[in-house]
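Asks: Predicted model follows, preceded by the sequence.
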Amino acid sequence: MKDKKPILISQPTLPNLDEFVESLKIIWERKWLTNNGEFHQEFEKKLANYLGVPYVSLFSNGTLALISALQALRITGEVITTPYSFVATTHALHWNGIKPIFVDIDPVYGNIDPVKIEAAITPRTTAILPVHVYGNPSNIKQIEHIADTYGLKVIYDAAHAFGVEEDNNSVLNFGDLSILSFHATKVFNTIEGGAIISKDEKTKKRIDNLKNFGFANETTVVAPGINAKMNEVQAAYGLLQLKSIDKQIKERKVIADRYRELLDGIDGIRCIDDIENVKHNYSYFPIFVDASIYPMTRDKLYFKLKENNVHGRRYFYPLISEFPTYRGLPSSNPDNLSIASEFADQVICLPIYPDLKKETLVEIVSIIK
Ligand SMILES: *Cc1c(COP(=O)(O)O)cnc(C)c1O
């Protein structure tokens, strides 16, 4: 695939331009650009309805949603989390002055291992911050049990889990709060954007105040809030995206199924299977390269793909616990994180997006073969 346009890990799907122009005309007429405008209100309602959740609070991005979720629940002290995620998960703790405590992941899906959570709890622990990595649900029941037993809050970083359901129920309905990201590279994008999913009106109100400097009304500031509001242009864009998201996820499923079929039987390459009672969103297609069986290391394969114009990504390498800000923490010791280290050494996320052509996919697999 030399001399062609690079095949990137993801390519955003955009709404119909004519329809978007129509929305823009409405915004131009209304001259209401941000601060809970009509498109914003409509998008929150339609999104809650689509996702099957009680309340959505829109944000300007997922990171600010996560930082604000921790503020909303007044989380302090230590929070148990995973090193196998995008760095924003831990950064959100850092920005709140919270100490991250890393625990290892499960060997199949790469989600936080509930068995290891309990051993990491101290008197200073206030919450658990798991991630539904690649959109595969964390072990929600066990996490809930631990949280209930020890009186801890749970905030899910559900940035990968848009539309994911387990037993016909959105995974966003679990824990105290969940956050989403609508960044351009995610399954559902509003260019930049994010949301907090909450379960009761009071909590939603508190979150909505926080994202608007803490204003509860014109003159009352109830918390040291931030500016993390989504604007009308993005909300209008998001409303249009909702029209095609089901189709997009179906197209992603076809691609994931085809990858699995073609990669089947290559020694040393592992894929993650679908889970029977889960509705997946096919946000990522990770493969794991076992260099003791496959003829080359993960990095050799990664760069070989790159030479051939295929730009996968090593999500998540390096582990968050290896970055300078966090590597000095006792829980960052690699001995504590052996499975996460193995995942980080083996993973390549292959290109997956609705417009990925069948021929391109076949070529990608043939390079791996
Ligand atoms: C993308 C992502 C975020 C951050 O979301 P932004 O909208 O880019 O700020 C946080 N956590 C995870 C796991 C992500 O993948």
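Replies: Sure thing, it's come through.
Asks: got the contact list for the helix or strand of the chain at the bottom of the mean pLDDT ranking?
Replies: Every helix and strand in the chain was compared by mean pLDDT, DSSP states H and E; the lowest is strand 7-8, with a mean of 92. By C-beta atoms under 8 Å, 6 or more residues apart in numbering, the list of residues contacting strand 7-8 from outside reads 1, 309, 310, 311, 351, 356, 360, 364. C-beta: built from backbone N, CA, C; applies to glycine.
Asks: and after the helix or strand harbouring residue 305, which helix or strand comes next?
Replies: Assigned by DSSP states H and E, residue 305 falls within helix 298-307. Next in sequence after helix 298-307, counting helices and strands by DSSP H and E, comes strand 310-311.
Asks: buried ones in the following helix or strand past that next one?
Replies: Reading on from strand 310-311 to the C-terminus, the next helix or strand found by DSSP H and E is helix 338-346. Neighbour counts over helix 338-346 (16 or more other C-beta atoms under 10 Å) mark 339, 340, 341, 342, 343, 344, 345, 346 as buried.
Asks: helices or strands next to whatever helix or strand comes next after helix 338-346 in the packing?
Replies: Sequence order places strand 347-350 as the next helix or strand after helix 338-346, per DSSP H and E. Contacts defined by 3 or more C-beta pairs under 8 Å, 6 or more residues apart in numbering; DSSP states H and E place strand 347-350 against strand 285-289, helix 298-307.
Asks: helices or strands up against the longest one?
Replies: Right, helix 298-307. Under the contact definition 3+ C-beta pairs under 8 Å, 6+ apart, helix 298-307 sits against strand 347-350, helix 358-368.
Asks: Can you give me the end-to-end span of stretch 142-161?
Replies: Distance across stretch 142-161, first residue to last, is 19 Å (C-alpha to C-alpha, to the nearest Å).
Asks: go on, stretch 99-116?
Replies: One end of stretch 99-116 sits 17 Å from the other (C-alpha to C-alpha).
Asks: is it up against the ligand anywhere?
Replies: No: using C-beta under 6 Å from any ligand atom, stretch 99-116 stays clear of the ligand, with a minimum separation of 11.3 Å.
Asks: mind listing what's buried in that stretch?
Replies: Neighbour-count burial for stretch 99-116 [16+ other C-beta under 10 Å]: 99-106, 109-114, 116.
Asks: residues touching residue 143, list them.
Replies: Shown in contact with residue 143 (C-beta under 8 Å, 6+ apart): 112, 114, 117, 128, 130, 154, 175.
Asks: Can you check the pLDDT for the closest residue to the second one other than its chain neighbours?
Replies: Read that as residue 114. Closest residue to residue 114 apart from its sequence neighbours, by C-beta to C-beta, 6 or more residues apart in numbering: residue 142 at 3.7 Å. Predicted confidence (pLDDT) for residue 142: 98.
Asks: Check the one 3 residues further on too.
Replies: What the model reports as pLDDT for residue 145 is 98.
Asks: sec struct for it, please.
Replies: Under DSSP: H, G, I helix; E, B strand; the rest coil, the three-state class of residue 145 is helix.
Asks: Counting neighbours, what do you get for it?
Replies: By other C-beta atoms under 10 Å, 13 other residues sit near residue 145.
Asks: Residue 41 too?
Replies: The criterion is other C-beta under 10 Å. On that basis, residue 41 has 12 neighbouring residues.
Asks: Are we agreed that it is in a helix?
Replies: Yes: per three-state DSSP, residue 41 lies within a helix segment.
Asks: Quick one: residues contacting it.
Replies: By C-beta under 8 Å, 6+ apart, the contact set of residue 41 is empty.
Asks: Report the separation between it and the ligand.
Replies: Taking C-beta to the nearest ligand atom, to the nearest Å as the measure, residue 41 falls 21 Å from the ligand.
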